[in-house]
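>>> take this sequence and fold it.
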Amino acid sequence: MRVLVAGVGSIGRRHLRLLREHQEVTDIVAYRRSVVGDIDGVNEFDDIDEVLDLDPDVAFITNPTHLHVKTAIRCARAGCDIFIEKPLSNDREGVDELCSLAVERDLVTMVGCQLRFTPILDFVNELIANKELGSVLSFEAYSGSYLPDWRPNQDYRESYSADPDAGGGAVLDLIHEIDYTHWLFGPFDEICGRVGRVSSLKIDSEDTALMTLRSNQVLGSIHVDYCRPVPRRTLEVVFDEGVVTADFIEQTVTVEGRDGGKKESFNYERDEIFRRQLNHFFKSVDQRKSTFNDVQEGKEVLNLALKAKSSHR
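Now for the predicted structure:
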């Protein structure tokens, strides 16, 4: 299987490295703004028509967010199955066309949100499904970290995260929380948000967002930010008969009920969840089945994020 990787920044290089390990992949080609020649064993192109003439089977869209849909449409028209790194886009332009192309051409698509593949969320999802603690009443998802620490080799002020036109901002950059809560507790009927710049970070995008969501009988809140000096990524779920607290950094899940509690510890490397994600995608490609996070679902998550960003205005 020949794979095109469109965009070779930090996340693109991670996918390149893991794609080289995958048994389904026989050849990798890269599309980037300018040919640098710094990727061993990978032919690079700066003309998308030239690289699509090589008939890649699958395209991994890992370029800046505002270019995702435009690039994906070109690849879809060429018959490629599509993997798009999160978020699907920074606006709605072209999204409906991409979704229609995927259906018309029977393409397998996936939006990459790797937190869905953590053992932690597997565990939480099982608790929800088996109703061991009753029904879900509410949840609180939290993701806070310090943007300048994200990319040590790049000035954060020059990163796409600092530029709202490129898809930067806490809401879209940290869309994992909207994505996995949509998967676990959605679909959501309502979302509203307050977003803004509350820190001294020198960026044009929002550094903090507070969102509230409603789905059937479930109420939830999401906090995301770029400015927390001590990182935190957690999910708390309140059930009829207990409370579950997941800590993605400590890799633990605590289950507390009326009669006591227990703590489950997990031990996984970041690459492991990306591999699980790749395995799910390539299995879906082989079987010509939809992934469980295709572009239609990515569109629903994007719409939630954009509603949250605009609802406070």
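
>>> so for stretch 280-290, what gets flagged as buried?
280, 281, 282, 284, 285, 290 (16 or more other CB atoms under 10 Å). Using the backbone N, CA and C atoms, a C-beta is placed for each residue, glycine as well.

>>> which residues does it contact?
Residues outside stretch 280-290 that contact it (CB atoms under 8 Å, 6 or more residues apart in numbering) are 1, 22, 24, 57-58, 81, 83, 106, 108-110, 117, 291-292.

>>> from these, which is closest to residue 168?
residue 83 (21.7 Å; CB to CB).

>>> sec struct for the closest one, please.
The local conformation at residue 83, judged by DSSP: H, G, I helix; E, B strand; the rest coil, is strand.

>>> okay, now it: neighbour count?
A count of nearby residues for residue 83, using other CB atoms under 10 Å, gives 26.

>>> kindly report the same for the one 5 residues further on.
Neighbour count of residue 88, defined by other CB under 10 Å: 33.

>>> again with residue 99
Neighbours around residue 99, by other CB under 10 Å: 19.

>>> one more: the one 10 residues further on?
A count of nearby residues for residue 109, using other CB under 10 Å, gives 28.

>>> do residue 100 as well
Residue 100 - counted by other CB under 10 Å - has 12 other residues nearby.

>>> again, but for the one 3 residues further on
Residue crowding around residue 103 was assessed by other CB under 10 Å; the count is 12.

>>> from residue 154, how far off is it?
38 Å (CB to CB, to the nearest Å).

>>> can you check residue 211 too?
Taking CB to CB, one finds residue 211 at 28 Å from residue 154.

>>> these two: which is more packed in?
A direct count of neighbours by other CB under 10 Å for residue 211 and residue 154 places residue 211 higher, at 27 against 14.

>>> bridged to the more buried one, which residues?
Beta bridges link residue 211 to residue 193, residue 222, judged by DSSP bridges.

>>> so who does it touch?
171, 178, 191, 192, 193, 194, 221, 222, 223, 224, 308 are the contacts of residue 211 under CB under 8 Å, 6+ apart.

>>> go again using 10 Å as the cut-off
By CB atoms under 10 Å, 6 or more residues apart in numbering, the contact list for residue 211 reads 141, 171, 177-178, 181, 188, 191-195, 220-224, 304-305, 307-309, 311-312.

>>> again, but for residue 242
Contacts of residue 242 by CB under 10 Å, 6+ apart are 127, 132, 133, 134, 255, 256, 257, 258, 259, 260, 261.

>>> 7 Å instead, please
133, 255, 256, 257 (CB atoms under 7 Å, 6 or more residues apart in numbering).

>>> kindly report the same for residue 166.
Residue 166 sits in contact with 64, 65, 66, 160, where contact means CB under 7 Å, 6+ apart.

>>> quick one: pLDDT of the first one?
Same thing as residue 64. On pLDDT, residue 64 comes in at 92.

>>> wait, isn't it in contact with residue 167?
Yes: between residue 64 and residue 167 there is a contact under CB atoms under 7 Å: 6.4 Å.

>>> tell me, what's touching those two both at once?
residue 160.

>>> more crowded one of these two?
residue 167 (21 against 18).

>>> can you pull the contacts of the more buried one?
Counting by CB under 7 Å, 6+ apart, residue 167 has contacts 64, 65, 66, 87, 90, 160.

>>> which of these lies closest to residue 39?
residue 64 (18.2 Å).

>>> what about that closest one, distance to residue 235?
28 Å.

>>> the lowest-mean-pLDDT helix or strand in the chain pairs with which strands?
Scoring the helices and strands of the chain by mean pLDDT, DSSP states H and E places strand 43-45 at the bottom, with a mean of 90. Paired strands of strand 43-45, with direction, are strand 27-31 (parallel) (DSSP bridges).

>>> and the partner strand, C-alpha only, in CSV?
Extracted C-alpha coordinates of strand 27-31, given in CSV (Å, rounded to 0.1, in the frame of the first residue of the first chain):
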residue,chain,number,x,y,z
ASP,A,27,5.9,2.8,0.1
ILE,A,28,5.6,6.4,1.6
VAL,A,29,5.7,9.6,-0.3
ALA,A,30,5.5,13.1,1.2
TYR,A,31,4.0,16.4,0.0
